[in-house]
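In: Make a model of this:
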Amino acid sequence: MKKLFVFFALISSCSIFSQGDLEVKGIVLDRFRKPIKFASVSVPKLYLGTTTTEEGKFSIILSESDFTDQDVIQISSFGNETLKMTVKEYIALKEKVIVIGGDVISPKQDKTVANNNSKPKIKPVIKKKPAKEYLRLANKYLKRNTINTPHQLKMLYRRFSVEDKKARFLVEHIINVLDKGPLNGNYKGVQVLTGRQSEDHRLVKKTMMGHPVNQTAKTDPQRIGIINDNYAWKIVGSSSYDGEDIVIIEGINKKNRLVRFYIGVDTYGIYKIEKSSLNAVYIYSKDEDGKLHLSYHNRTRPGRVTLTDEQKKLLNTDKDFIKESYKHEVFVLGVKRLVDKDYDASVYVFHRKDIGDIETEYNPKFWQKLNLPPSTAFYLESIEEIEKISGKPIEKQFNK
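Out: Numbers count the residues shown, from 1 in each chain. Coordinates of the predicted model:
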């Protein structure tokens with residue numbers, strides 16, 4: 001069953017960003033005008049992509065030297081048709097609303113989706129195979145469905161340090177990550193291009209050796225093993241993605257930890273994974289060749305630290321411990337296939353310092369021109385906490 005996909009192109013959806021570059025932005029909503037979060041938005045031919053925020057917002061900047069009017073913008077999400085249109089068609093939208101599978105509604109018309117009053121059909125749960133068989137097939141075809149040759153992931157990496165339930169320090173990096181795919185284990189090195197930091201209001205200042213992007217790979221179930229006999233598996237639902245039916249498989253272990261896979265019933269590709277441990281989500285998107293790669297990820301690692309007498313006074317507490325955590329968010333901004341003669345593996349290194357101690361040069365102009373995705377609720381919640389502690393907006397804190 002195909003569901004309607006409503007795409008709003010804002011009046012400011014296309015603008016000249018810098019020296020002729022084109023900023024493409026918009027909001028993705030479902031048929032009931034509710035935002036679609038974590039939808040994949042990409043220009044596959046240019047290996048550019050992002051995901052929508054919890055409010056359905058997205059933004060991509062197309063370089064004047066790279067794109068043409070005929071390059072295709074693609075928007076995919078679970079349970080909806082994939083929207084494809086050329087850059088030229090997108091520019092022509094202005095304030096139009098497009099309903100995939102329905103009529104195009106012009107601004108002069110009543111912007112009510114056709115058949116909006118009809119109740120949506122509930123897709124039956126797919127039970128063609130046992131749950132564990134889908135996992136076995138996903139593992140079997142992992143090489144076919146993912147990029148397993150050298151490639152570079154350009155990422156926006158964010159880490160918030162949280163103490164006593166409040167975010168107190170933010171580090172943001174733009175990095176290139178050398179990857180050889182899930183069948184080849186962890187990432188092969190990191191190149192930090194630039195970074196910026198908020199004011200540091202941590203009291204305990206716990207650190208973690210190594211760039212935390214490495215943990216993104218080390219905690220990804222695709223890389224550490226899809227099938228786990230310690231979990232009881234069952235099919236809990238179904239959806240669709242990019243024209244393919246999706247089966248949703250859930251596993252729970254004896255410690256009541258949950259993991260959930262979203263697997264294509266035709267290709268057995270893995271489109272999404274959720275884990276209760278680390279409260280993590282992994283979203284995967286297709287490149288121009290139909291190969292899946294990480295698109296968006298967030299996780300929260302909880303813990304606790306012992307307080308010194310001085311720290312107890314600062315916190316006005318008599319507790320011996322406080323809760324602390326790291327909150328991580330990753331956007332993959334682009335994917336580039338590599339061949340031996342095109343890249344120098346020595347620029348990708350394994351840092352031994354905490355991300356907050358890795359030296360970077362803050363360049364405000366670079367960040368102003370950067371194609372940053374819209375802020376997620378995950379990000380804004382922590383930014384608000386830092387700003388309240390500092391008394392300054394985040395923009396005035398960076399590397400001061």
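In: ok, longest strand in the chain?
Out: Longest strand in the chain, counting residues (DSSP state E): strand 321-337.
In: in it, what's buried?
Out: Residues 322, 324-335, 337 are the ones in strand 321-337 that count as buried (16 or more other Cβ atoms under 10 Å). No exception for glycine: its C-beta is placed from N, CA and C like everyone else's.
In: what helices or strands is it leaning on?
Out: Applying 3 or more Cβ pairs under 8 Å, 6 or more residues apart in numbering; DSSP states H and E, we find strand 321-337 packed against strand 48-51, strand 151-163, helix 213-218, strand 292-306, helix 377-390.
In: What separation do you get for residue 40 and residue 220?
Out: Computed as Cβ to Cβ, to the nearest Å, the residue 40 to residue 220 distance reads 17 Å.
In: what's the answer for residue 186, then?
Out: In terms of Cβ to Cβ, residue 186 sits 9 Å off from residue 220.
In: residue furthest from the geometric center of the protein?
Out: Taking Cα atoms, centre = their mean, the residue of the chain most remote from its mean C-alpha position is residue 309, at 40.1 Å.
In: Which pLDDT value goes with that residue?
Out: You'll see residue 309 listed with a pLDDT of 85.
In: Likewise for residue 17?
Out: Note for residue 17: predicted pLDDT of 46.
In: just checking, residue 166 touches residue 387?
Out: No. Using Cβ atoms under 8 Å, residue 166 is not in contact with residue 387, being 11.2 Å away.
In: Just want to know which of these two has more residues nearby.
Out: Per other Cβ atoms under 10 Å, whichever of residue 166 and residue 387 has more neighbours is residue 387, with 18 against 15.
In: so where's the stretch 301-400 of the chain uncertain?
Out: Applying pLDDT under 70 to the stretch 301-400 of the chain picks out residues 400.
In: at 50 instead, please
Out: For the stretch 301-400 of the chain, no stretch has pLDDT under 50.
In: Pull the residues that contact stretch 42-52.
Out: Stretch 42-52 is contacted from outside by 27-28, 35-41, 58-60, 62, 66-67, 71-74, 77, 87, 283, 285-288, 295-296, 331-337, 371, 373-374, using Cβ atoms under 8 Å, 6 or more residues apart in numbering.
In: State the helix or strand in which residue 247 lies.
Out: According to DSSP states H and E, residue 247 maps onto strand 244-252.
In: how close does the residue positioned nearest the centre of the chain sit to residue 312?
Out: For the chain, the residue sitting closest to the mean C-alpha position, by Cα atoms, centre = their mean, is residue 296 at 1.5 Å. Distance of residue 296 to residue 312, given as Cβ to Cβ: 39 Å.
In: same question, residue 137
Out: According to Cβ to Cβ, residue 137 stands 54 Å off from residue 312.
In: before we move on, back to that, tell me which residues in the following helix or strand past the strand holding residue 247 are buried?
Out: Per DSSP H and E, the first helix or strand lying C-terminal to strand 244-252 is strand 258-264. For strand 258-264, the neighbour count (16+ other Cβ under 10 Å) marks 259, 260, 261, 262, 263, 264 as buried.
In: again, but for stretch 376-383
Out: For stretch 376-383, the neighbour count (16+ other Cβ under 10 Å) marks 376, 378, 379, 382, 383 as buried.
In: residue contacts, the last one?
Out: Spelled out, that is residue 383. Per Cβ under 8 Å, 6+ apart, neighbours of residue 383: 167, 170, 375, 394.
In: Quick check: which ranges of the stretch 51-200 of the chain have low pLDDT?
Out: Flagging of the stretch 51-200 of the chain using pLDDT under 50 yields the residue ranges 96-122.
In: returning to that earlier point: now, the contacts of stretch 42-52 that are in strands?
Out: Per DSSP E, the subset of the contacts of stretch 42-52 in strands is 27-28, 40-41, 58-60, 62, 72-74, 283, 285-286, 295-296, 331-337.
In: sorry, back to before: tell me what the helix or strand just after the longest strand of the chain is packed against?
Out: Counting by DSSP H and E, the next helix or strand C-terminal to strand 321-337 is helix 364-369. Where contact means 3+ Cβ pairs under 8 Å, 6+ apart, helix 364-369 is packed against strand 189-197.
In: Show which residues not belonging to the strand it packs on make contact with it.
Out: With contact meaning Cβ under 8 Å, 6+ apart, strand 189-197 is reached by 169-178, 211, 213-214, 345, 347-351, 356, 358, 360-363, 366-367, 398-399.
In: For that strand, list the C-alpha coordinates in CSV.
Out: Taking Å, rounded to 0.1, in the frame of the first residue of the first chain, the C-alpha atoms of strand 189-197 are listed here in CSV:
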residue,chain,number,x,y,z
GLY,A,189,40.9,6.8,10.9
VAL,A,190,39.7,10.4,11.3
GLN,A,191,40.7,13.7,9.7
VAL,A,192,39.5,16.6,11.8
LEU,A,193,38.9,19.5,9.4
THR,A,194,37.8,22.2,11.9
GLY,A,195,36.0,22.5,15.2
ARG,A,196,34.5,24.8,17.8
GLN,A,197,33.6,24.7,21.4
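In: Quick check: buried residues in it?
Out: Under 16+ other Cβ under 10 Å, the buried positions of strand 189-197 are 189, 190, 191, 192, 195, 196, 197.
In: Once you drop chain neighbours, what's closest to the second one?
Out: With sequence-adjacent residues excluded and distances taken as Cβ to Cβ, 6 or more residues apart in numbering, residue 190 is closest to residue 211, at 5.0 Å.
In: Contact partners for residue 220?
Out: Counted by Cβ under 8 Å, 6+ apart, residue 220 has contacts 182, 273, 282, 294.
In: now those as CSV including neighbour count and distance to residue 53?
Out: Below are these laid out as CSV (neighbours: other Cβ atoms under 10 Å; distance: Cβ to Cβ, whole Å):
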residue, neighbour count, distance to residue 53
182, 25, 26
273, 21, 20
282, 23, 17
294, 24, 17
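In: and of these, the nearest to residue 158?
Out: Distances from residue 158 to the contacts of residue 220, taken as Cβ to Cβ, are shortest for residue 294 (14.9 Å).
In: Hmm, the closest one is touching residue 284, no?
Out: Yes. Using Cβ under 8 Å, residue 294 is in contact with residue 284, at 6.0 Å.
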